[in-house]
Structure formats: C-alpha cells, structure tokens
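In: Quick one, what's the 3D model for this:
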Amino acid sequence: MGATANVFSFKFNTLTLHYNGLKREHVHKFCTRFYGLYRGYAPLLHTICTRKEECTRMAAIVKLRSGSWRTQVRRKGKYVTATFLRRKDADEWALATERNIDRGVLPNSPDPKSVRTLTSIIELHIRDHVEVGKPIRRSKANVLEALKISLGDTQIHDLKRSKLIEYGKRRAKEGAGPATLSIDISFLATLLTHAAAVHGIEVYPEEVKLARVALSRLGLVGKGTERDRRPSEDELTKLIVYFNHKPRQLLPMARIICFAVATAMRQEEICKFEWTDIDIQKRLVKTIDDFAASSPPLA
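Out: Numbers count the residues shown, from 1 in each chain. Now for the predicted structure:
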C-alpha cells in the first residue's frame, strides 16, 4: 500500500511540475528518476514526460517458468529481446541496449567492446554474410579457419604491422607460397575493414597494408607460379587406378577426374549438379552460374 501511495504521489508531483510550466528538463529528469524506482510503471511515465522518445525505456523483464528472465527492449522504433539466467544480467543488458540505441548502434549489433580477438571478428564476418543470404564459400571458409588457428587468439589491438610480418615469415617457413600468403593477408584486410565499416569496431586496416608492402619487399607475398603444362595421360591413369583400388573410397573420384578433364570444370561446379540438371537421353548436363559452355556433353 505504501508503494502505491508513493507512486501516485510521484505522479501528482510530476503533473504539478508539468502544468506549472517549469522547464521541460526538470520534468524529464523527474520521470527518469521515477522510472528507475518503479520500472513497472513505464507506460504511466510515457504519458507524463515531455520528452517521451528520449527518456522512456520500455524494457519489459519477465520471469519465465524455467526460472530464466526474458528481457524485451522497445525504444525509438527498435525492438530486441534476450533471455538471461539472472535478473541482474537482464537489467544490465537492458540498460546497455537502450544506451546503444540512443547512440545509434543497431540493436542486433555486438557491443564493439565485446569484440576483442580475431576469432570474434571472423565469426562476426561469417554471421553477417549468412544473415544477408551470402554464406562464405568453401575456399574462403578454409582460409578463415586457418586464420583462427594461427591468429585467432590475438587481441585486435595487437594486429599491428610487426605482428603480421612475423606471421608472414612463420607461414613461409611452414611452406606457404607467395600466392597463399597473399590470400591470407587479403582476407585479413577484408575482415578488419568489414568490422570497422559495418560495426564501428576500432581496428587498424592500414597496418595490414603496411605489412603487405613489407612482405612483398621480402618476396614472401606475390603472384602464384603459373601452370605451364597439363597432366600427362600416364599421370591421369595412375590417379584413376589409385582411386579405383581404394575399397573404402565412397566418392567416385575416378569418374570425377574423367569428367573434370572432359569438361574443364572446377570441383565446386561438378559437385553442384543435381539430377534435374542432367539429360541422360541427350547426354547433356545444364550448368549453373557463369560457366563458359551452357550444356557440355557428358563423357
């Protein structure tokens, strides 16, 4: 009963301030202070405060049957929700989310302070591509996974020129050629630029450019060696015989090799075919994407 009396007392005082024509700032401060004490009466404050969009935090925190706390934040036309085991965590998250929305940070965006290592930047990069319907392809995914192993635990503020040059030298000693290392450095630049442009994370893409220049001067970064010949008939035969004599081999590698030689198609293009793309009668297969020949013959 005492709490209810206090609520209406606060309401009366606030209305008095409002209708007596005092500064809007006073009413605003009074409402925010009132909200902090009686969070459940947020809708009431929304009708009283003279600066609704700025002060009203419409966070709803509800205890679920499981014992967890579900938090819903509606602010300035944005909506975001999350679930926590402890009430204190729910309150802190709600307040941080409201502040992020006030600063113009998207509700679903991570807090820049929580992104501390290269691994977190890589995972963020992959998630962003999945959200827009452009998942990372196999070759890039392999490079990103390798970067996680080599540099994943590195703090983002330590990704400086000297660290990247050291990484390049180590990779070269492990056997990575100039083309491979060039791809690694390119993806590092892409990751940091994406983090800065999309999420406002404080990183240093220019350090990657300086490292590339240094590694190029050292001869560790460059173009790959061009292939100057095709595999001979004898080499292809040895490969086919090898795969045909592997009883535990599930993939029809021998047939894939023959098909690749006949069509000059890449592994990814070959493995993308579906039965609906194949015309057994005409011995034709319909290709996808930008392959040169629209219907190469089946071997």
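In: Please point out which parts of stretch 218-225 sit buried.
Out: By neighbour count with 16 or more other C-beta atoms under 10 Å, stretch 218-225 contains the buried residues 220, 221. To be clear about C-beta, it is placed using only N, CA and C from the backbone, and glycine gets the same treatment.
In: From the chain's centroid, how far away is it?
Out: 30 Å (C-alpha atoms, centre = their mean, to the nearest Å).
In: Restricting to C-alpha, output it in CSV.
Out: Presented in CSV, the C-alpha positions along stretch 218-225 are these (Å, rounded to 0.1, in the frame of the first residue of the first chain):
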residue,chain,number,x,y,z
LEU,A,218,60.8,-9.6,-48.7
GLY,A,219,59.5,-11.8,-51.5
LEU,A,220,57.0,-13.6,-49.3
VAL,A,221,53.9,-12.2,-51.0
GLY,A,222,53.2,-12.2,-54.7
LYS,A,223,51.5,-14.0,-57.6
GLY,A,224,51.4,-17.7,-57.8
THR,A,225,53.5,-19.7,-60.2
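In: Can you name the residues in contact with that stretch?
Out: For stretch 218-225, the external contacting residues (C-beta atoms under 8 Å, 6 or more residues apart in numbering) are 168-169, 171-172, 177-182, 185, 212, 215-216.
In: Just these: which are in helices?
Out: Applying DSSP state H to those, the entries found in helices are 168-169, 171-172, 178-182, 185, 212, 215-216.
In: from the residues you listed, which would you call buried?
Out: Neighbour counting by 16+ other C-beta under 10 Å classes 168, 171, 172, 178, 180, 181, 182, 185, 212, 215, 216 among those as buried.
In: Torsion angles phi and psi at the nearest residue to the last one once chain neighbours are set aside?
Out: Right, the one you point to is residue 216. Take residue 216 and drop its neighbours on the chain: the residue closest to it by C-beta to C-beta, 6 or more residues apart in numbering is residue 222, 6.6 Å away. With angles defined as degrees, to the nearest 10, residue 222 sits at phi 180, psi -170.
In: And residue 222, how far from residue 243?
Out: Counting by C-beta to C-beta, to the nearest Å, the gap from residue 222 to residue 243 is 34 Å.
In: Surely residue 83 is within a strand?
Out: Yes: judged by DSSP: H, G, I helix; E, B strand; the rest coil, residue 83 forms part of a strand.
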